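Peer 1: Return atomic coordinates for the entry below.
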Amino acid sequence: MTETEVFRLTKFEVGAFYSFAIYTRKEGLYPCEKYFTSNEVELVGKYVRSERWGFNDGSGGAEIFDNNGTEVRIVYTYEGTTCFIEIKPSG
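Peer 2: Predicted coordinates for the structure are as follows:
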């Protein structure tokens, strides 16, 4: 089983490219946890904006990306397992 390290990001850079995955394993204790996924990591595109709604236990959020003209909306899981990897463009 191949694993990839992923990150629970709290700040995104507008115009930067990201991949997304749900983490499947956590290692370590706060504040030094590391997150890994055995799921396929999906390219979601260039970061555009964030959305937040509700409050307390009824709150939620999403990150919006542009993948070659298609809007990709990643909604955070209630369990907090949503992770990203910033992708540096080649060339």
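
Peer 1: measure the closest residue to Ile22 other than its chain neighbours to Arg8 for me?
Peer 2: Of all residues not flanking Ile22 in the chain, Thr81 sits nearest, at 4.8 Å (C-beta to C-beta, 6 or more residues apart in numbering). Using the backbone N, CA and C atoms, a C-beta is placed for each residue, glycine as well. Distance, Thr81 to Arg8, by C-beta to C-beta, to the nearest Å: 8 Å.

Peer 1: between these two, what contacts are shared?
Peer 2: Listed as contacting both Thr81 and Arg8 by C-beta atoms under 8 Å, 6 or more residues apart in numbering are Tyr23.

Peer 1: My guess is Glu27 contacts Val6. True?
Peer 2: No. Taking C-beta atoms under 8 Å as the definition, Glu27 is not a contact partner of Val6, at 11.8 Å.

Peer 1: which one of the two has more residues nearby?
Peer 2: Between Glu27 and Val6, counted using other C-beta atoms under 10 Å, the more crowded position is Val6 (23 against 10).

Peer 1: show me the contacts for the nearest residue to that one once chain neighbours are set aside.
Peer 2: What sits nearest to Val6 in space, not counting adjacent residues and going by C-beta to C-beta, 6+ apart, is Cys83, at 3.6 Å. By C-beta under 8 Å, 6+ apart, the contact set of Cys83 is 6-9, 20-23, 35, 37.
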